[in-house]
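Engineer: generate a structure from the sequence data that follows.
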Amino acid sequence: MALSEETLETEPSLPPLFRGRVASDPFAAAVAEARAECDPGLITHNIRPDHLTAAVVLAPESPLRDAVAMVLALGNGFADAFGALAPSETACQFDWPSGIRINGARCGSLRAAASSRDPDEEPDWLVIGLDVPFFAEADAEPGETPDTTTLWEEGCADIEPLRLLESWSRHQLIWINEWLDGGTAKLHRDWLGRAFSLNKDVTLTHGGETLTGTFLGLDDRGGMVLKTASRERLLPLTGVLEEI
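Structural biologist: Down below sits the predicted model:
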């Protein structure tokens, strides 16, 4: 289905501690604002009828190896936000570390960057982005790529990008507070409950290396425990961070 590329102008209603700003490239804009020492809680966004992209600036007060758990927290927040708006039978699941699946097919992702890539260093800022397709591109036909989908193809045409962003902002705050107050136990348990390939064979790229094995679970910092043909390996969650 072809839709206009026009950006929706309505500003989202965000919870306290958050503020919004329109940006053509929300992730790049959030990183630039973070580098300029903006206050945390900024959500940059590009809300189109066919696509939602957004990013949030955080200022974690913990070493990066712990702070990067926010990728899982905001993933849980997205799943809860989506679940509040989607038809009850629609499943939201995850690929480790940041992929989103709807009814088993890939449908967007999270991404992350930080001021430092040193796991032992407390980062000045952490930016986490969200990308979700609502409708197929103009030249794409539904079902053309069976492992990739859009919300419209999965019966979620009634969800408005603006409402999903608002819901995500509220639920991410819940999960950030859960992590701050309760640690990682519930965070990991809920994320694993939505893991698409838990105890299944996966192939992924991590640290520039393509790996195949069985996804056994998460370590205490959200890293993947992967059983390959030769041994068990631990893939740290910090590998999700992009070079910027």
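Engineer: ok, now how distant is the closest residue to P236 other than its chain neighbours from A69?
Structural biologist: In space, and not counting its chain neighbours, P236 is closest to G223: 4.5 Å by Cβ to Cβ, 6 or more residues apart in numbering. (Glycine included, C-beta is placed from N, CA and C.) Distance, G223 to A69, by Cβ to Cβ, to the nearest Å: 10 Å.
Engineer: same deal with V225?
Structural biologist: To A69, V225 is 16 Å away according to Cβ to Cβ.
Engineer: could you do A185 as well?
Structural biologist: Separation of A185 from A69 (Cβ to Cβ): 11 Å.
Engineer: quick one on the thing from earlier: neighbour count winner among V225 and A69?
Structural biologist: A69 (24 against 15; other Cβ atoms under 10 Å).
Engineer: quick check, that one in contact with L237.
Structural biologist: Yes - contact status for A69 versus L237: in contact at 6.9 Å, counting by Cβ atoms under 8 Å.
Engineer: what do those two both touch?
Structural biologist: Contact criterion Cβ atoms under 8 Å, 6 or more residues apart in numbering; residues shared by A69 and L237: R221, G222.
Engineer: where in the protein is pLDDT low?
Structural biologist: For the chain, applying pLDDT under 70 flags the ranges 1-9, 137-144.
Engineer: mind listing the helices for it?
Structural biologist: 26-35, 64-67, 70-85, 161-182, 185-193 (DSSP state H).
Engineer: and these: which comes nearest R106?
Structural biologist: helix 70-85 (13.9 Å; Cβ to Cβ).
Engineer: which elements pack onto that closest one?
Structural biologist: Counting contacts by 3 or more Cβ pairs under 8 Å, 6 or more residues apart in numbering; DSSP states H and E, helix 70-85 packs against strand 92-95, strand 99-102, strand 105-114, strand 126-133, helix 161-182, helix 185-193.
Engineer: most tightly packed of these?
Structural biologist: strand 126-133 (a mean of 24; mean count of other Cβ atoms under 10 Å).
Engineer: alpha carbons of it, in PDB - could you do that?
Structural biologist: Listed next in PDB are the C-alpha coordinates belonging to strand 126-133 (Å, rounded to 0.1, in the frame of the first residue of the first chain):
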ATOM      1  CA  LEU A 126      23.000   6.500  26.000                       C
ATOM      2  CA  VAL A 127      20.700   6.800  23.000                       C
ATOM      3  CA  ILE A 128      18.200   4.100  22.100                       C
ATOM      4  CA  GLY A 129      16.300   4.300  18.800                       C
ATOM      5  CA  LEU A 130      13.100   2.700  17.600                       C
ATOM      6  CA  ASP A 131      12.200   1.900  14.000                       C
ATOM      7  CA  VAL A 132       8.800   0.400  13.100                       C
ATOM      8  CA  PRO A 133       7.200   0.100   9.600                       C
END
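Engineer: that strand vs helix 26-35, what angle?
Structural biologist: Interaxial angle of strand 126-133 relative to helix 26-35 (axes from the mean of the first three to the mean of the last three Cα atoms, to 10 degrees): 170 degrees.
Engineer: so which elements touch strand 126-133?
Structural biologist: In terms of contacts (3+ Cβ pairs under 8 Å, 6+ apart), strand 126-133 is packed against helix 26-35, strand 51-58, helix 70-85, strand 105-114, helix 161-182.
Engineer: quick one: these as CSV, columns for distance to S197 too.
Structural biologist: CSV is the format used below for the helices and strands packed on strand 126-133 (distance: least, Cβ to Cβ, whole Å):
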stretch, distance to S197
helix 26-35, 25
strand 51-58, 25
helix 70-85, 14
strand 105-114, 12
helix 161-182, 22
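Engineer: A79 reaches C92, doesn't it?
Structural biologist: Yes - at 4.5 Å, A79 counts as touching C92 under the criterion of Cβ under 8 Å.
Engineer: shared neighbours, the two?
Structural biologist: R194.
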